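Visitor: Here you go, sequence then predicted model.
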Amino acid sequence: MSFGLFDYAAFLSFFAYAAGSVVIPVALVLLARDLGFSLESGGMTAGGALHLGRTVPMVGSMLLCGFAAGRWGKRRTFGVSVVLMGTGVGLCAIAPGYGILFLALVIAGMGEGVIEGLATPFVQDLHPAEPGRYINFAHAFWSIGVLATVLVSGALLSLGISWRLVTGAVAACALIPAAMLLLPSRSARKFPEHPAPLHWKTVWGHAIVILRIPRFWLFFVAMFVAGGGEFCLTFWCASYIQLNFSSSAWAGGVGTAFFALGMVLGRTGWGYFIKQHQLRALIVLSALAGTAITLCFPVLRNLWLFFGLLFLAGIATAPFWPSVQSYSVDRLPNTDTTMLFILLSCAGVPGCGVFTWLMGYIGNQGGGLRQAFYLVPACYLILALLIECDRFCTRRPADTPLST
């Protein structure tokens with residue numbers, strides 16, 4: 001595997017994206033008390049709604065990012081989105097109340113939606129041969145960002161450092177990849193863009209072709225539940241540990257870090273060893289293993305055992321997002337890959353928001369987060385069934401659209 005400047009820019013963008021996404025969940029208990037919607041006093045729905053509110057602008061910007069990339073190129077559009085994301089997270093650090101925090105996350109979500117939509121095809125264009133390996137490896141930096149952020153921010157919060165300072169520092173992480181993407185580069189380092197801007201009708205036509213393919217909708221639902229299961233653990237893990245094991249923000253951060261470490265090892269490992277034709281088996285077996293592991297979470301009472309199973313859950317969860325996308329490209333071979341990645345992300349991101357909010361809502365209904373955690377194995381089992389169902393679909397051409 002060989003990497004260049006724009007690979008490293010993508011890696012750091014994933015890192016900054018992850019850091020901005022998890023710093024709020026790690027600080028959520030302290031942040032909620034400070035801003036007046038304490039989780040212990042029925043504020044779980046409001047806490048879950050933060051990411052749901054972030055999801056709406058993410059989806060909107062994802063739907064538009066294909067047109068922006070066609071007009072101004074992936075590299076420039078990607079770079080501007082990193083700046084927008086960092087600005088939104090920075091505004092979170094100075095939010096005086098819940099409403100302003102919510103609006104700041106909307107701004108961050110606008111940038112994150114473009115990153116989510118373009119980062120994977122950005123890497124795909126850099127490595128058209130064996131893209132699944134490079135996509136899994138690049139997505140590992142999301143997990144590395146989660147790991148580093150939860151450990152450092154959890155430690156700083158436990159030492160009494162304000163969540164506002166921690167959040168502001170995370171926002172600054174976006175400056176480096178933004179500079180790498182936007183500053184002028186030597187001709188030898190040009191990103192492989194289209195030779196000419198794409199008209200919006202061309203981009204729209206790519207989307208229409210994909211939306212008319214029945215098999216696409218199977219992968220769309222698979223991405224929805226994959227995103228939901230993964231982000232339920234990422235978002236609620238720290239709060240669950242603090243509320244159910246009477247632990248500190250540091251312990252909550254350590255728990256999320258165990259999950260993230262499993263994700264890092266899973267994605268880098270699968271990125272290095274997996275072959276493109278093995279992606280289906282990887283997704284199905286990982287989803288079944290994840291189902292068995294996460295079914296144990298609500299009944300565990302030992303914190304260290306919980307940490308160990310979080311690590312195993314991270315390994316099982318690791319290949320879902322990048323591998324489902326790359327596998328979908330194989331199964332829909334005559335479609336525009338950039339638009340396909342964008343549309344699939346438009347399923348995964350709402351899955352993150354909907355299931356995050358749903359966990360908070362169920363937690364407020366009397367059973368607490370213990371009962372809500374059964375959503376995670378349900379998502380994993382549905383994912384396994386969907387990908388296995390694709391295996392037995394009628395062997396008609398996979399990319400044939402519905403007739404008009």
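Guide: Yes, it's here. Numbering: from 1, shown residues only.

Visitor: hey, which helix is longest across the protein?
Guide: helix 214-244 (DSSP state H).

Visitor: give me the number of residues near Cys232?
Guide: Neighbour count of Cys232, defined by other CB atoms under 10 Å: 26. Quick note: C-beta positions are derived from backbone N, CA and C, even for glycine.

Visitor: Spatially, and excluding backbone neighbours, which residue is closest to Ala138.
Guide: Nearest residue to Ala138, sequence neighbours excluded (CB to CB, 6 or more residues apart in numbering): Val123, at 4.7 Å.

Visitor: can you list the weak-confidence ranges in this protein?
Guide: For the chain, the stretches with pLDDT under 70 are 1, 37-45, 48, 51, 185-200, 246-249, 366-367, 393-404.

Visitor: Please report the number of neighbouring residues for Leu64.
Guide: By other CB under 10 Å, 17 other residues sit near Leu64.

Visitor: Apart from its neighbours in sequence, what residue is nearest Cys346?
Guide: Closest residue to Cys346 apart from its sequence neighbours, by CB to CB, 6+ apart: Met62 at 5.1 Å.

Visitor: Would you mind confirming that the one you found is in contact with Gly117?
Guide: Yes: under the criterion of CB atoms under 8 Å, Met62 makes contact with Gly117 at 4.0 Å.

Visitor: Report the secondary structure state of the residue nearest to Ala138.
Guide: helix (DSSP: H, G, I helix; E, B strand; the rest coil).

Visitor: And it, how far from Ser162?
Guide: Per CB to CB, to the nearest Å, Val123 is found 36 Å from Ser162.

Visitor: Over to Arg75?
Guide: 36 Å.

Visitor: between those two, which one's more packed in?
Guide: Neighbour count, other CB under 10 Å: between Arg75 and Ser162, Arg75 has more, with 22 against 14.

Visitor: Work out for me the element that one sits within.
Guide: According to DSSP states H and E, Arg75 maps onto helix 74-92.

Visitor: And that helix, what does it pack against?
Guide: Helix 74-92 sits against helix 5-26, helix 44-72, helix 98-126, helix 163-172, helix 175-182, with contacts defined as 3 or more CB pairs under 8 Å, 6 or more residues apart in numbering; DSSP states H and E.

Visitor: between it and helix 98-126, how big is the angle?
Guide: 160 degrees (axes from the mean of the first three to the mean of the last three CA atoms, to 10 degrees).

Visitor: secondary structure element for Gly262?
Guide: Using DSSP H and E, Gly262 sits within helix 249-273.

Visitor: go on, Met359?
Guide: helix 337-362.

Visitor: quick one: contacts of the following helix or strand past that helix?
Guide: Next helix or strand after helix 337-362 toward the C-terminus (DSSP H and E): helix 368-372. Helix 368-372 is contacted from outside by 44, 236, 239-240, 243-244, 298, 358-360, 362-363, using CB atoms under 8 Å, 6 or more residues apart in numbering.
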